[in-house]
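> Just a sequence and a predicted model for now, questions to come.
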There are 2 protein chains.
Amino acid sequence: MGLDVGSVLSKMNISSASDHTSVVSMNLFVALLCTCIVIGHLLEENRWMNESITALAIGLCTGIVILLTSGGKSSHVLVFSEDLFFIYLLPPIIFNAGFQVKKKQFFRNFMTIMLFGAIGTLISFGIISFGAINIFKKMNIGSLEIGDYLAIGAIFSATDSVCTLQVLNQDETPLLYSLVFGEGVVNDATSVVLFNAIQSFDLTHINSSIALQFVGNFLYLFIASTLLGAAAGLLSAYIIKKLYFGRHSTDREVALMILMAYLSYMLAELFYLSGILTVFFCGIVMSHYTWHNVTESSRITTKHAFATLSFVAEIFIFLYVGMDALDIEKWRFVSDSPGTSVGVSSILLGLILIGRAAFVFPLSFLSNLTKKSPYDKIELKQQVTIWWAGLMRGAVSMALAYNQFTRSGHTQLRGNAIMITSTITVVLFSTGVRHFSVLVVVWVLWDVCMVRRTGP
Amino acid sequence: MGLDVGSVLSKMNISSASDHTSVVSMNLFVALLCTCIVIGHLLEENRWMNESITALAIGLCTGIVILLTSGGKSSHVLVFSEDLFFIYLLPPIIFNAGFQVKKKQFFRNFMTIMLFGAIGTLISFGIISFGAINIFKKMNIGSLEIGDYLAIGAIFSATDSVCTLQVLNQDETPLLYSLVFGEGVVNDATSVVLFNAIQSFDLTHINSSIALQFVGNFLYLFIASTLLGAAAGLLSAYIIKKLYFGRHSTDREVALMILMAYLSYMLAELFYLSGILTVFFCGIVMSHYTWHNVTESSRITTKHAFATLSFVAEIFIFLYVGMDALDIEKWRFVSDSPGTSVGVSSILLGLILIGRAAFVFPLSFLSNLTKKSPYDKIELKQQVTIWWAGLMRGAVSMALAYNQFTRSGHTQLRGNAIMITSTITVVLFSTGVRHFSVLVVVWVLWDVCMVRRTGP
């Protein structure tokens, strides 16, 4: 075969040193992933821990070790790549969420989800951007343009579905799960429209025609993305049913399902649609139609293979966020003025809290007006959980912040460096600390519900 | 969620154009993969076609279309990357081969496999290198160094296991399958030793101590790689049995198996061992121990998930080889002297034929001397098939040729360009044309065996 001839040959070339470094970091990363799974499993009995928090903690520890061994020069093992995140890690997570979602619950709350995802995100975006413009301009944090402030609004009004999936349990709290997760998915379409709007419209003079265009854009994006996902799912079902009828081949079926799902995501990206929305609906349609046309072993394989892919991708993201949080380059600027950085992070956290409260409670009230059955209404305690659970900012916020505030992995400007470190602080705080509190809230709420339902 | 914000934001940056180009080529590639599976399935009844040949043909057609639409400038869609091939595509194929191999048959023929893989490859390497040095030096094909000639010997004496897996059927011809495929795996360790030897020893003065060192190196590499693979497999079995006992979690088990297998491959690369040998034995040990310690659904999932991964990786390779074969840059030099290129390709094919014949028939004779049962002996017809089936040069040869004769994807020197195009010619010829003839030989042979066994 001569496989290793490749690596041996490459050692003759100039690129030898960097090649072997990447092999070393791949080894480290895969070994850490295994460790996370094993430790996450050992801590399974403990309700306060799971693989994500383990991965975050292990990532942080590894970052510290690398920082110390490299003499404080670097904690980088892999350079953060948006492509890696958006093209490889995110699609399986969202697809699997669509594939395993409880469809009945999801579609029953569809209007509320749309309300939260579309109107709610706009309200939150407005409040955070407005707050950032007014507060940060008075602070000494370097040069930021109007586009940067609006980007801050968009970055921090985007709910992190990946985190949400980790904290809320579909079986224990189906209503909360479908509301918060569904909001996160619809949210994506809103964000795309928002950014298009920032680019193309003059936002200082908003009039009714621009608002109409905005609504039209959103509807087009939402409908087109959904239809594309549904079409990909239906096409896969048709192909598998028509062609493979009577003479099933498991490997081909599974390969075709994975490839078609991935194709739908990439097509959405190609046409500037929302890939998340598309692959989510593709997952729903595939679990409803395609899955019932394949062999029994294909069913078991796809169900577990998709879950495994999503599981590994999630751990990968958290491990990475933990490892990257200590990158020395970003913190260099902050060390000159630690007070400013703490201030910015606190203000951002405060703005997120206010922005989210400003739409969850009023919109829940509106939603409750339309529901007749008391079981469909969103109680105050549940509203608090929705508010609190959706506060988490994770890998998606990180990726967006990197995109907006860095140029090819480096942060030169002071303002940008502070924004990156503040994002990391918010992400670590919200994932690490808030994770526990959400668990407490959900747990108490669930116990209350159980007592009331089984009580006298 | 704001996923697409990433892509929208990136469109603001300078890198916008290249980003969208890569999305377009990803779309094209995934769509072509789907097409290959569907067409390959439709042609399933036809014994002469399979997914690989379909992928090769579709790749060639796509290459032509791109060449025509780009006005003859380029047929590149994805730039060939060895990393992609050696780090992502090859490991799942070899691991799956180990996972699904018939262990009894494999270990019964172990000595013959070792003989073919170690001694045979050396004989073949010697003949091809010697022939290349003597013939090519007299031809006008530009400057090639002694290292280049030895590399040609190594590249073309490496059997392509991926092609072999496609042509030989484990159930129909178990003896041939295990011999040819096993040879390919052992072959890899030999190649690594060969290249180390080329680098570190003075080959013009071979004496007994250098030969001993050579044998010692080979044994070290073979034993270390095998032990590493077996250790990774056993460790995964131990972890899954000890930790997951009684409270099984399918996703974690599957994730751990995949990650451990991959880790073994990367560790072998890290320690300059043979990754192919390691991951092959890891597959054997995992299917023998780990697989029996997991839940029923994990068993079904891993069996089909590994097969699917390997299946998709194979199609990917053949599609790529087909698409890349028409890259205009490489053929530019050749068009000046088409006669030379045809000559070089023919000479290489001839040398491969001779080099392989020079060890298959003598070594089969030796192997037969040690066997007592007539059923274990390798008949002349089977020897012809082994000789013929192992002639195929595929993606591995391509990757090695690219590595040796190109610098970051470009071919500047005339001699190098001719070597690349000759490799492509040999690969296309051997995969396309010889594929059919091997099928004929195997088919006739199988019929003969069947008739003899079931006959009077």
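Good, I have the coordinates.
> Show me how far stretch A:129-137 is from its chain's centre.
Centroid displacement of stretch A:129-137 relative to its chain, using CA atoms, centre = their mean, to the nearest Å, is 25 Å.
> Buried residues, that stretch. List them.
Judged by neighbour count (16 or more other CB atoms under 10 Å in any protein chain shown), stretch A:129-137 contains these buried residues: A:129, A:131-133, A:136. In short, each C-beta sits where N, CA and C put it, glycine included.
> And the residues you listed, which is closest to chain B?
Nearest to chain B among the buried residues of stretch A:129-137, counting by CB to the nearest CB, is A:Ser129 at 13.9 Å.
> quick one: contacts for the residue lying closest to A:Val101 once chain neighbours are set aside?
Once flanking residues are discounted, A:Val101 sits nearest to A:Ile284: 6.5 Å by CB to CB, 6 or more residues apart in numbering or on different chains. Residues near A:Ile284 by CB atoms under 8 Å, 6 or more residues apart in numbering or on different chains: A:98-99, A:101, A:103, A:106, A:229, A:233.
> And A:Ile239, by the same measure?
Applying CB under 8 Å, 6+ apart, we find A:Ile239 in contact with A:256, B:38.
> So for the residue nearest to A:Val101, what's the pLDDT?
A:Ile284 carries a pLDDT value of 90.
> do you know how far it is from chain B?
16 Å (CB to the nearest CB, to the nearest Å).
> Going by secondary structure, that residue is in what exactly?
For A:Ile284, the host element (DSSP states H and E) is helix A:275-288.
> Give me the next element, helix or strand, following that helix.
helix A:296-324.
> Show me how far that next one is from its chain's centre.
Remark: helix A:296-324 is offset 14 Å from the chain centroid, using CA atoms, centre = their mean.
> ok and it relative to helix B:296-324, angle-wise?
Angle of helix A:296-324 versus helix B:296-324, following axes from the mean of the first three to the mean of the last three CA atoms, to 10 degrees, is 80 degrees.
> Show me which residues of helix A:296-324 are buried.
Buried positions in helix A:296-324, judged by neighbour count with 16+ other CB under 10 Å: A:297-324.
> and if you look at stretch A:52-70?
A:52-60, A:62-63, A:66-67.
> same deal with stretch A:261-276?
A:261-270, A:272-276.
> From the residues you listed, list the ones also adjacent to chain B.
Within the set of these, contact with chain B (CB under 8 Å from any CB of the partner chain) is found for A:262-263, A:266-267, A:269-270, A:272-276.
> Need the max-distance pair from the buried residues of stretch A:261-276.
The largest separation in the buried residues of stretch A:261-276, counting by CB to CB, is between A:Ala261 and A:Tyr272 at 19.6 Å.
> and A:Ile39, that one's in a strand?
No. Read with DSSP: H, G, I helix; E, B strand; the rest coil, A:Ile39 is helix and lies in no strand.
> what about it, neighbour count?
If you count neighbours by other CB atoms under 10 Å in any protein chain shown, A:Ile39 ends up with 16.
> Next, work out how far apart it and B:Thr385 are.
51 Å (CB to CB, to the nearest Å).
> Over to A:Ile58?
Taken as CB to CB, the span from A:Ile58 to B:Thr385 is 52 Å.
> check contacts around A:Thr302.
By CB under 8 Å, 6+ apart, A:Thr302 lies in contact with A:99, A:254, A:257, A:291, A:294.
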